[in-house]
Structures are given as C-alpha cells and as structure tokens.
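# Below is the sequence, then the predicted model.
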Amino acid sequence: MNFKYYIWVILLVSSAVLLCGGQTALAQESAAAAAIVPASGPLEVIFFWVLAIMIIGSALWIALTGSVVRMAVGLFFSFGGVALLFFLLQAYFLGVVQLIVYVGGILVLVVFGIMLTSSSPHVRYQVPRMELATTGLVSLLLFMVLGHVLYHAPWSTTGPQLPVSMNELGRGLLTDYLVPFELAGVVLLVVMVGAAYLARQEKR
Amino acid sequence: MFTAIGLTHYLLLAAMLFCIGLWVMASKRNAIGVLIGVELILNASNINLLAFARYSTGGMNGHLIALFVIVLAAAEAAIAIAIVVNLYKNFMSVDVDKAATMKN
Amino acid sequence: MSGHLSWLIFTPTIGAVLCLILPGQLSRRIAMLSTIAALLLGVLLFRDYLPGGSPDPTVQRQVFGSSYGSAEALKHVERVTWISGTNFKIEYYLGVDGLSFPLVVLTVLISFLACWASFTIKKAHKGYYVLFLLLETGMLGVFLALDFFLFFVFWEVMLLPMYFLIGVWGGARKEYAAIKFFLFTLAGSVFLLVAIVACFFFSGRALGEPGGTFDIIALSTNPTILKYFNDPATTLAGYRFGSMIFLFLAVGFAIKVPTVPFHTWLPDAHVEAPTPISMILAGVLLKMGAYGFFRIAYPLFPTIVHDWAFWIGLVGVVSIIYGALCAMAQTDFKKLVAYSSISHMGYVMLGLAILSPTGFQGAMFQVLAHGISSPMCFFLVGVIYERAHHREINRLGGLWLTMPTYGSMATLGFFASLGLPALCGFIGEAFVVLGTFRAKESFDWAVPMAILAATGAILTAGYILWMIQRVYLGPAREEYRHYPQATRTELSILAPLGLLCIVMGVLPQQTVFNFMNGTLNQLVGHLNSAHQQILQSMIQPLASAAGM
Amino acid sequence: MDAGQQISGLLIIGAVVPLLMFVLLAFLGPRLGKPFASFPAIFGILVSFGCAALALQRWWYVLTDDERVEAAASAYSWPWVVLGDIPIRFGVQLDSLTIAMYFMVTLVSSCIFIFSRGYMSGHSDEVDGVSKYHRFFAYLSLFAFSMLGLVISDSLLFLFIFWELVGLCSYLLIGYYFDRKYASNAAIKAFVVNRVGDFGFIIGLGLVALFLKDLSIGGAIAAFQSQSSGETGLFARDTAINLFGWYVRGDIVATLMGVFLFCGCIGKSAQVPLQVWLPDAMAGPTPVSALIHAATMVAAGVYLVARIFPLLTPGAQAVVAMVGGVTLILAALMAIVQTDIKKALAYSTLSQLGYMVFGMGMGAWVGALFHLITHAFFKAMLFLGSGQVIEGCHHEQDMRKMGGLWRKMPVTAFTFLVGVLAISGVGWPGKNTTPFFGLGGYYSKDEILAVAWFQTYGLSAASDGHHAGNFRERATDPLTNAHGYDSVILAGYSAEEGQHQTAHAGLETASGLKSDASLQPWIPKWLVWLAIITAWITPFYMMRVWWLTFMGKPRDEPVYHHAHESPGMYIPLVILAIGTFAASWFLFRGLIVDAAQHVAHISKLVVPLDGHEHLIHAFSGPALNKLVWPAFIVGFIAAFFIYRRGLKLAERIIDLPVVEQFYWILWQKFYFDEAYNKLVLAGTILFSRICGWFDKWVVDFVLVEGCARVVKGLAFFSGQRLDAGGIDQVAENLGRTAFRIGDLFRAVQTGRIRNYVIYTAATLAVVISVMVWW
C-alpha cells in the first residue's frame, strides 16, 4: 500500500470529521434535556474519541489493505470498538451480544471463510488505483452530505436516557416482539440449513 | 466539541463507519472483503440505533431492533460465507469480477 | 339457444382449458373437437338466414336488411354489464349482422382447417393447441364484440397467442418475425387504445354526461355523438378531433390490413410462421383490419371519411401495384404469396375508399375471397415445404409432374388468387374496379385509380404465372422425384378450400352477397345520410347567421 | 315451353355437357387410361353438336322471322349479382349470329376432338410415367364449354368471364408440354399478353358501367343509342364529361369507350401490337392450334367486335379498321419467310384475323363474320393437315426437310390444297354477277374489300353504273342521324331484282351524300390498299407452304421414308373440307345476314340483302374486281416458279442486297418481340426488382429496422446500461438510473456489484443533496 496515499485519505477523512464534527453539537441538543443521568463526563469523552479513532482507523485499514487476512484483523478491532462503544452507550447487553456474535461468531466465520477459500492466503485482488480513489471520493461525498444532514437536523433529543435492563429486554422479546423473535429463530434455522446446503460437498 | 459527547457525535461516527463500509464494499474484488464491508455498514446502523435509544425516547425499541440486526447479520454472514465457499468451489477463486465474467 | 354467440366464442376457450389439464396426447383431438364444435355453432347461425321457400327465385334475398345498427339488423344480441364504475359502463355486448356474419363463418372454417392442418406441428403440441384455441376465441370475439372496450380486449387477446405461435413454432428467424409482428400490431393497438379512450370521453362530452359510452352501435348511430365527432370545431389538444381520431383508427387498422407503408411485418411473419398459422394469419387476421374500417372507423366518422377517401384509395392502389411488383421480385415462395396478400388487400382498401355499395360489396367480397384463397395458397406452399424443406422458387420445378393431383389443386388455388373469372378472386376485383369507375362522383381521381387497379391484374397474372412456371412446370427434377403424392389429409384440407373458390366465384350472390348486402347497403345509406345531416347541421348556423 | 326457352335450353345443355365431361375427366381421367380418356370428351362435344343441330333446325327452318323475335325475347336468363344498381344476369343471347357461331364451333370442335384422339395417342406424352393424355381432353372439354358460353352469353361481363376462361384453356393447352421450357414460356406469354388486352377491355367495361349503367349487350346498346342521340345526350358532341379533371367531349369519350372495349379483341385476336403471342402459341399440340388458335378462340375477338358494333362510334371504327389493316399486311409479310409449317399457318391466321377486324372497322359486318366462319373451317383443316404432316413425319415441323409428301399422304395433300384455294380466294366470276364457282375466301374476303372500297372511295370509283347493285335506302331513326351517323345503309343486291338501277341518284337524294364522298371520313384511303396488297400476297405464301410440303422432291430422306397418314385422322380433314365447301355456299351467310338486319337498324352497316352473290361485282364494280381477282393466279404461279425446286431459288433471292435486309426484318418479326422483351418485360422485371429492393432495404431495413434500432438502442441504454445488474430493489434501480443519467457517456458495462454499490452511494448523495439544497 502506498503510504502517501494512505496519508492523503486519512487527512481527507479527518478534515471531514473536523469540518462536520460536533462543533456546536451540544448547543444543538436541547437545553431542557432531562438530567436523569449525568451528562457525559470527561472519561466518556476520552473513551469516545479513542473508540472512534479505533473504529474508523481500523475500518480505513480494511478499506485500504489488499490482504484479506489484514482485513480480518482490522475487522476484529472495528467490531471490538463498536462493542465497546455499545458499553459506552450503556447498552450492555447489546455490547455483549456484539462481542459474542460479531467478534466470536462472524469474525471467526470470516476467518474460516478466508482459510477455506484462499489457495494462498496472501492472494491479492487489486482494484485499479483510480477506482479506489473514485469510490473513496464518492464515499466521502456521501459522508459529507450525510454529515451535513445529520449535523443540521433538529433531532428532538431528550438527553441521555436510563439504560435498558436485560430484564426489560427479555420481557420485550417474549411479549411485544415475540413474533419477530420467533421469526428470527426460524430465519436462523433456515440459514443453518441453507448454509449447510450451499457449502456442501457436491457429489458427482 | 471535543469536551462533551452528544447524539450528533455518535451519528457522525456511524455515518463515517457507514461510508467506509460502503467504500470497502465498492473497492474490494475479494468476495470476503465485500462481506466485511457489509458488516461494517450493519455495525454503523447498530451504532445509530443505540445512540438514538440512549439520547431519545424510544424505550427499548432501539435495543431490540439492534438485536435483530445482529441476528440477521450473523445469518447473512453465514449464508454469504457459504456462497463464497461455493463460489470458490466453482471458480477456484473468490474474485467477484471473475464471477461476473465467467458465467457458464 | 340463448347465448349462442357466447358459446361460439368460448367453445375454443373451453377446449383450451381442457387441453391444458388433460394429457398432451389428447390435445390434438380436443382441439379438433372444439374447432368442429365452433364450426357447427358458426354454421348453425345460418339456420336463421337460409332462404326458405321464397316464392320468386329471382328476388334477391337479403337478410340483415334493416337499417344499420337497429335492433332488427343485429341478431343474437347478448348484452350484459361487465364492468361498471361511477361514470362508465363496459358491457359484454355481442351481436351479429351482415358485416360480421360472413367473417365469423370464415373464421370458424379457417380455424377448423388450420387446426386440421396442424398435423405438421411436432414440438410442444399441447401448448400449441392451447394457444391456437385462445387465438380462435380472440378472433371470434373481435368480430362479434359490439362494445368498443370488449373489442379491444379481444383484439389484444388475439395478439399474444399469435406472438407465441410464431415465436415458438416458427421457422429460422422466428424470434425476429414474432417480435416484429408483435411490435407492429402493438403500435396499432396503441393508436386504437388512444382512439377508444378519446371516443369514450368525447361521446360523454357530446351527450353532456360525465362519462361516455363504449357502445359501438350507439357511437355510430347517435346523431348527437356523430355530429360532435365530425364537427371540425371539436378539437383535441388543438387538433381537429375527428380527423385525428379517424387517422388513429385508420393507422391502427391499416397496420393490420396491412397497407403499404405498414406492411413489412407481414412477409416476415408469414415466412416464419408455421403453415397453419400462416393460414390463420392470412385468412382471418388480416381481415380484422378491414373489419375495423367497416365497423368502427367509417361509421363513427362519416364526414371525415369523405375527406380522407382519396388517400385511402391511393393507399389501396399503391398497395396493389407495389405489392404485386414486390411479389414479382421474390424468390422465396412464401414471401411471394405474402406480398400477393398485400396486393390483394389493396383492392379492399380501394373498395372501401369509394364509399358506394358496389365498392363496399366488392371490398367485403374480396376480404372473404382472399380469406379462402390465401390460406389455400399458404397451405400449398406448406405442402412443398414439408417435402423440400426449402422455399426457394428457383430451386423448385416440375412439381406438377411429380405430384399431379397436388399440381392441379395448386393451379386452382393460384388461379383463384390471380383473379380468374369463375373463381372467387375475380368477383371482388371486378366489383372494386368497376365500382371505382362508377365512383367518379365521389372523387375526381377514381378513373385513373380504377385503371391502375386494373393494371394490377396484369402484374398479378405475370408473377403468378411466372411462379407456376418455375415451381410446377418444367421437367420433373431428380431430387424431387421421390416426393410422395399429396396425402389424404392434405387433400382434405385443399378440397374444401378449392371447392369454395369455385362456388364463391360461380354463385357469389347465393353464397355471399345475400348475407351481407343488406347490412352493407344500409351501412352506405347510413353513412351518406349521417354525412348529409352533419353537413346540414353545420351549414344551418352559418345560414342563419348570414340571414341575420 | 315456348321456342325461345327450348332453343336457349338446348344451347345451354350443349355448353354444360362438355363442362360435365371436364369434371368427369378431371376426377376419373387418370383411371380411364390412354385411349378411353378421349371418349367422354368426344361424347360431350358430339352432344353439343347435336344440340347445336337441333337448335339450328328449330331456329332457322321452323321459326318464322316474327317468331324468332319472340323467341329471342323469351330466352333463358337468370339473375347473377347486382353490381351497385346494375343487375347482372346470365342469359342467352338468342339470334342468328349466336346460332351460326354455336353451330360452327361445335362442328369444328367435333372434328378436331376426333382428330385429337388419333393425334394424341400417337404422341408420346408420358413424362415420368405420368400420362397427361386425359388432361388434354379435359382441357379441350373445358375449352368447349367456355367457348360456347362466350358465344351464348348476353352480358358483357359474362362475355368477359368466358373470355378469360377460354384464355385459361389456351394457357393450359399451349403449356400442355409444360416440361419444355418454350411451351410454358409461350403459355405465359399468351396469358399475360391477353391480360394486357383484357386490361383495356375491363376499362371499357368500367366506362360502360359508368356511362351506360347496363352491362347486358342489348341494354348497353339501347342506352348508348339514347345517350348519343340529340343535343343533350351524354355522348353528344356538345356534352362535356369530366374525366378526372379534364373535360372531354362526349363523343370522344364514347369513342374511347369503344376503343377500350376493342382492346379485348386486340389481345384475343392477336392484332398489332399484341400479335406476338399467337405465333408462339404454336408450341401447343397441333389440334389445339387448329381449334383455339385458328378456328374459334382467336376469332372471339372479332365476335366481340360484332356484338358491340353498335357501341362503336365512327372514330372507334376507324381505329378498328386501322389496327386490322396494319395487322393483315404485317402478318402476311411475315408469313412469307416462315420455314416452320405451323408458324407459317399462324401468320396466315393473323393476317386473316386482320382481315376480319379490318372488315369490322369498315362496316363490313357480314363480310367479316362470314370470313370468320369460312376461315374457321379451312384454317382448322389446314392446321389439322399440318398436324397430320407433323405426326406423319415424326414431329418434324420444318418445311425445309419436307417435300414430295403427296405420294405418302394424298388425302392430306388434297384437303390442304382445298384450304389453300379457299384462303386464297379462288373463284371464277360468272357472267354478270353470278359467280360460276367460288370458295369461302372468295366471297368473304372480297366482300370485305368491296365494302372497304366503298367506304373509302365511295361509289364513283367503283361503279360504272352498269354493275352497280340495287341500293335501298332506309330511313334511319333521326336520333342517329343527328349524332353524325350520317345514314344507315342497307345496300343490297338481289338476283331477282336484277334490274340495273343506278345507285347514285338514290343515295344522293336520300342522305345528301355526294357520290364520291367516302362514307367513313376518319378512315384513310391507303388502308384499303393494304388489304388489296395482302390479297395478292396471301395466295403466294399459301401456295409456297403447300408446294414446299407436298410437292417437289423429298429433301430429307428419313423424314420422307417414315411419312404416313392414317384414316382416323384424315376423316375429320375430309369432313372439314366438305364443310369448307358447304360453308361457302349454304346456311351461314343467310344466318349472318339475318343477324345483320337487326344490327343494321341501329348502326351503320353495309349489308347485302341476300346471301349468295359476289358483292364485289355488284357493288364496287370491275375496277376493284380487276385489282383483286387475278391475285391468286399470279400468286400461285409465282410460288410455283420460285419454290419449284425447293428453296434454292428463294435463297438466292434472299441474298440480293435490298431483299436481304427486308428479309431480316421479316425474319425478326419486325422486332416486336425484341422490343417487348427489352422494354416492357425487362423494364417490368427491373422495376419489380427495384421495388423488391426498396421494400427490403429502404422500407424494411432503413425505416422499420432503423426505427427498431433506435428504439432498441434506447431500450438497450435504459435496459442494459441503466438497468442491468440484477439488483432489484426499487430504490436501488432508481438511484442507479439517476446516477447513470448523470454519467451517460461512460462506457462502463461492468456487471460488478461493487460498481453498483458506488453508483448507489453517489446517487444517494446526489439525491440527498438535492433534497437538502434545492
């Protein structure tokens, strides 16, 4: 990977973050936000930025690397960062699920996929630089647009809410969300069968 | 802006992760790379959901939807990997370009 | 039997359904049975019109002689509301009169013979017969529907099976031909649809009602509607409503006829279609265009027609000459016959143009005669193709010696197509040409047009005889010598057609004119009187204004 | 049942029986086999002949004049169709002309059918094991039906229908040896050339329908009479008729109508310029040439002119006369150089048909029809004789290889000679006006010449007063007088009234005509000279044919050696020879004169009142007599001296400088065929190729395919470029389409999902931007 290129992209992205980042984010949020939970303390701020850099950085690494193994590693950091971010958002259950499912499940699946499919794990499929740049530019453009919208959107926030307890979630799953829950189960079953079918050894 | 964190920060982070995920999807010839891009996008959506759950009056809806997203993402990943393996069996490659051009 | 016409239309549909659910080995039998049933139902219509014991044999009996569109003139009427909304009502409105009756009989007859001739179809014959029977339903529906919307529905119902019949069971370039046929016809349908919708709304406007009517008979006989439709002051999007919609209808039907600028789908479709489908195509489908002129374009716009008569006639004459010349240049046997169809249908257009009883009778007779002779010609070509697997005229030769019976039938069929007197092709041409001479009052150029149309007869003789020479005459060629004689099945298809060629040529009055002259004469009278009334009503305000 | 129904019924039965035989032969013919297939046909025509004889007997020998008029009115007639407001009926035209024609046709046909039986069975007509023998007789029967139908029909439309049917039979029979290219070519040529004539005919019919509003012969003539009468009739000189924009004088339109109707005759009777098909038609079997292309069908044109004669204005008559005059001399000249025996006879037929048409145009109605009848007999006989020769010589038609055949086939030679004498107009004028002896041509041809002379030069040049016959002036109806039909003349000569009255005075007083004024102002005087010259040529070439064939020394030993004749075939020859004598003297002339009486009431004719006298003496006087009578002696002697020793002398004459060129022009038939092939035929085919090319490449390819390509391009653009990829979410389609519209010219056709992902993203960006900043 061309280092200059890397730097260039990083610069672009961070400039975008700076441009669009929450300069006056807090001012935007309702002053009448209920003070049920304390406003974010300095630790939260630090954790947020660290996690943000970790997530975005590893994601960018995924985007820029050509090796699929490195992508998996990047993915690990990215998923982990997101899980931590969930903890930061006081969604502990989701954070745990994220860790178990993503890091423990999907990531492993991806790694298995990599191992099963690479005739040599270091095979790289390069896309043309130009295409990389164009797609990056388009993504950046989209981000700028989205950021603008998100930034200027008058979100009716109420300030930080109480965390949702696991009990509540469990009850919700078995009452109001019973049907989607069951459906999810069915989907998983079907997926299991389907995946097994798709990946089976063809007999000739 | 660096001293206090609000909804907008999370949303922007999610947007950025989404765009990077998109970029990954769009710039990988490796099928697994494309899959990874998709996973990033799904993560971004989950961040959004939980951020809104925290900063807005939605109760546990955001949590549950995120939960379902994770479940479906897992399912999707399983299927996708199966497809990739199958693709590999057929083409001896996971290059999606080859899959596009080497129609039988 | 009440619901006679419904039974007639939907008997093939029932057959199609049966074909669909019963095993494929039975398909041909079911199809034959349902076409026979349709034939019987069609022929049963005769029972009311057979000349029964008229004391004076010299009196020419004309059924359907009541004024056009009246309850007495329409027989076997079935009228049920089909779809109704707040402001509109689509009816299931069927009826038969002297215009549709011969065509219905022609349709059931040709369908039966074409079904009988479908023994050549080997591939996927279940689907073939299902589509074939649906096609028959569509064709009968077009001829019997008296509701504009229902007409259009049947018109489209007929289109799709035809597309598949050409596209699946056709020859080498079947996809091309099928698509071409479909696109041309669809283009016509679009014009037709626009016209239908416009007529619906404008009829409502004419009557001062929120909705309009789809009733063809009402549209063509209600004086208020007629006046409004034909008034040059009625405009649609800034153009004269009448001229525009008449042109839409004319183009829509002319594509089907087909006349010269819109004809190129025909040779391709004919060449690629399997033999029985060619028979249907030439025998019935082309007639729908002419029928549309008679039933819809003319009665709705009696005054506009007078303005456009010259152009219709010109198109007819050009079709005659141009089709004949193109036919002369062909080396593909089937293409030659296809171009000759274009030439023959030119006479229909010319007969339509002159707006006189003679012209209408000639045009209608030509429609029927061509409906008999051209399926015969196509089947004759098919017989050769079945054996030789090519249709190159220049590679054939000496077939009369190889297959004497078939050769004689071929001579009969092609001479009927040539317009030899005492065969069916002559009457229509003679009526049209002589009628055109007498139409001098209608438009100035009638006499030159008649002369040009008569020239067509020379060209027709030229290309048909040249073709006969190249295909049938000459020494028997070695490669064709082993060809089997025409089989009984083949002869059983050719014989009724040949017989009809002769009978219609010798006794035109008894076989054809008696059944349609009543309606046609009434139609001409109706057109003329409506035209006069409209002119009167347009002049009157002017006159009163001038009087003031 | 009254007489009219009886007689017309007989005529119809006589016509229908051959049709039934045709049907029988068409279905059962192949099973009947070679000798037997001819029997139904012969039976049929004999029944017809019987009917004809019975009808003749009833009509001519039982009925009186008044009864005939009644009978004609009560003949059978059925309605057929109604053409607009013109009812068209099929009915029998019952008059003496019909009876005469009918009788002649059945008699000649019977002879020829019987002859054919022998002729065709000798022929090896089996091609590929398929016998066509029965087909020949089937066609002959169909022809007999059509010809008889033509003769009896009383409507112009039915005349046309049968007219076409005989054309069809002619086509089928000329192309009987259709495995040979030249035969099928000739058949096509005959049919198409006839169609060209019929094209004119149907225009004429259209004009009749337009102006006279009646297509029956009688009705049309009556309407014509009333329309052309007075100052206000449609065809009056002062009426202006709008003929597609141009105003044309009424009498000119009437003339045009007549000329167009006459076009049918030009085609069928092979007049210039459509004469080209008849010589080629000799490709058919010889009995066909005898029956169709000599005796009956080609004469139908003349019959048509006779029927519509009252519709012809003087101008139209002049056209008829000119066409006939040109034909008769051109054909006679071409006949001189022919070496094929049938071709020579064909040209002589042409020439004689020219005589008939010429006579019709000149007003020699009786003469022309009488010539038709006598010509039918002797020409049929000549053709059958030639058929006998050809058959006897094993299909050798070239006269250069014949010679001396009279020893091998004496009967044929004799009957042929009778024909030669008849066509040459051999006769011997008796004292005063009663001829001592004469054969058909002597009466009929000379009568045509006499009337022509009278029409062009009037009486003064012809008559010295002493020989002038008895002209009786009949007051005509004033209507025709006003129109320019100056008078109706019934010029008659009657032996009983052999008083020598001068005609001048009568004529002058009655119609104000000066005696030296020609009665037909439109007819140029030189026309009659063409006919007179031809009268000198005819004996020469006919004697040439006879001499080359039958006399002299055999020029080709194998041909001579095989030559023979058989009684089954020469008996019809003898019958026809007897018929030639009989027709010259009995019956037919009387019938025709009787028919002429009725025509003469309404149209200007020159009609002798009584049958058997030689009009040329009575009428045109010794001047014409001296001009024509010695022709046959001179011609015979010339032919004898030139062809006495075969063709040697003739070849030397041909080599003379001026003669050589003239000979080549004749040999090339005045280049008519070349002109038609190069101009008309090649032009039509070229034009058709151009049309075919135009249709294929311009209409179909450029217009239709072009439109299709454009639409397909658009469809491809939206469907393939914008829509492919298989991602079927609506939003995605929308986004991709939107992106693609912004990126029209990028030739990216990837089919890669990742590209579409980015297109989607970009589209999303654009869409959101638009929503935000719009």
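Good, I have the coordinates.
# My reading is that D:V698 is in a helix; is that accurate?
Yes - according to DSSP: H, G, I helix; E, B strand; the rest coil, D:V698 belongs to a helix.
# Could you tell me the model confidence score at it?
pLDDT for D:V698: 81.
# ok, now how distant is it from chain B?
When distance is defined by CB to the nearest CB, to the nearest Å, D:V698 is 39 Å away from chain B. C-beta here means a position set from N, CA and C on the backbone, and glycine is covered the same way.
# Ok, D:E660 next?
The gap separating D:E660 from chain B is 82 Å, by CB to the nearest CB.
# In terms of helices and strands, where is that residue?
helix D:657-667 (DSSP states H and E).
# One more: D:T760?
Using DSSP H and E, D:T760 falls within helix D:753-773.
# can you pull the buried residues of the host helix or strand of D:P572?
For D:P572, the host element (DSSP H and E) is helix D:567-585. Across helix D:567-585, burial judged by 16 or more other CB atoms under 10 Å in any protein chain shown covers D:569-570, D:572-577, D:579-581, D:583-584.
# packing partners for it?
Contacts defined by 3 or more CB pairs under 8 Å, 6 or more residues apart in numbering or on different chains; DSSP states H and E place helix D:567-585 against helix D:96-122, helix D:365-392, helix D:410-424, helix D:440-457.
# let's go with 10 Å and repeat that
Contacts defined by 3 or more CB pairs under 10 Å, 6 or more residues apart in numbering or on different chains; DSSP states H and E place helix D:567-585 against helix D:96-122, helix D:286-290, helix D:365-392, helix D:410-424, strand D:437-438, helix D:440-457.
# could I get the buried residues of helix D:567-585 as TSV with distance to D:A380 and pLDDT?
Listed next are the buried residues of helix D:567-585 as TSV, based on distance: CB to CB, whole Å; pLDDT from 0 to 100:
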residue	distance to D:A380	pLDDT
D:M569	13	77
D:Y570	14	79
D:P572	9	86
D:L573	9	88
D:V574	13	88
D:I575	10	88
D:L576	6	89
D:A577	10	88
D:G579	9	85
D:T580	9	85
D:F581	14	83
D:A583	11	79
D:S584	15	75
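# would JSON lines of those residues with distance to C:L355 be doable?
Output for the buried residues of helix D:567-585, formatted as JSON lines (distance: CB to CB, whole Å):
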{"residue": "D:M569", "distance to C:L355": "60"}
{"residue": "D:Y570", "distance to C:L355": "63"}
{"residue": "D:P572", "distance to C:L355": "57"}
{"residue": "D:L573", "distance to C:L355": "60"}
{"residue": "D:V574", "distance to C:L355": "62"}
{"residue": "D:I575", "distance to C:L355": "58"}
{"residue": "D:L576", "distance to C:L355": "56"}
{"residue": "D:A577", "distance to C:L355": "60"}
{"residue": "D:G579", "distance to C:L355": "55"}
{"residue": "D:T580", "distance to C:L355": "57"}
{"residue": "D:F581", "distance to C:L355": "60"}
{"residue": "D:A583", "distance to C:L355": "53"}
{"residue": "D:S584", "distance to C:L355": "57"}
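# so which of those comes closest to chain A?
D:M569 (86.6 Å; CB to the nearest CB).
# in terms of contact, does that closest one touch D:I390 like I think?
No - D:M569 lies out of contact with D:I390 (CB atoms under 10 Å); the separation is 11.1 Å.
# need the strands for chain D, in chain order.
Using DSSP state E, the strands of chain D run over D:77-83, D:86-91, D:240-243, D:246-249, D:427-428, D:437-438, D:470-473, D:489-492.
# quick one: which of those has the weakest pLDDT on average?
strand D:470-473 (a mean of 36).
# Tell me how far the residue in the stretch 251-400 of chain C that chain D sits nearest to lies from chain B.
Using CB to the nearest CB, the closest approach of the stretch 251-400 of chain C to chain D is made by C:A329 at 2.7 Å. Noted for C:A329: a distance of 44 Å to chain B, by CB to the nearest CB.
# For the stretch 351-500 of chain C, give me the ranges with low pLDDT.
When residues are selected by pLDDT under 70, those of the stretch 351-500 of chain C lie in C:440-444.
# As a check, name the ranges of all helices in it.
Secondary structure of the stretch 351-500 of chain C by DSSP state H, counting those that start in this stretch: the helices cover C:357-388, C:399-402, C:404-418, C:424-438, C:446-471, C:488-506.
# Pick the most deeply packed of the ones you listed.
A comparison of those by mean neighbour count, using mean count of other CB atoms under 10 Å in any protein chain shown, puts helix C:424-438 on top with a mean of 29.
# so B:K28 touches A:S67, yeah?
No - using CB under 10 Å, B:K28 is not in contact with A:S67, being 11.2 Å away.
# In chain B, which helix is the longest?
Secondary structure of chain B per DSSP state H: the longest helix is helix B:61-91.
# Distance from that helix to the middle of the chain?
Centroid separation for helix B:61-91 versus its chain: 10 Å, with CA atoms, centre = their mean, to the nearest Å.
# Stretch C:336-350 too?
With CA atoms, centre = their mean, you get 12 Å for stretch C:336-350.
# Determine if any part of it is in contact with chain D.
Yes - Stretch C:336-350 comes into contact with chain D (CB under 10 Å from any CB of the partner chain), by way of C:339, C:342.
# average pLDDT across that stretch?
pLDDT averaged over stretch C:336-350 gives 93.
# for the record, mean pLDDT for the helix holding D:T760?
In this model, helix D:753-773 has a mean pLDDT of 79.
# neighbours of D:L439, just the number please.
24 (other CB atoms under 10 Å in any protein chain shown).
# Give me the secondary structure label for the residue of chain B found nearest chain D.
Nearest to chain D in chain B, going by CB to the nearest CB, is B:A26, at a distance of 4.0 Å. Per three-state DSSP, the local secondary structure of B:A26 is helix.
# can I get the helices and strands packed on helix D:567-585 in JSON lines with mean neighbour count?
Listed next are these as JSON lines, based on neighbours: other CB atoms under 10 Å in any protein chain shown:
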{"stretch": "helix D:96-122", "mean neighbour count": "25"}
{"stretch": "helix D:286-290", "mean neighbour count": "29"}
{"stretch": "helix D:365-392", "mean neighbour count": "29"}
{"stretch": "helix D:410-424", "mean neighbour count": "24"}
{"stretch": "strand D:437-438", "mean neighbour count": "16"}
{"stretch": "helix D:440-457", "mean neighbour count": "28"}
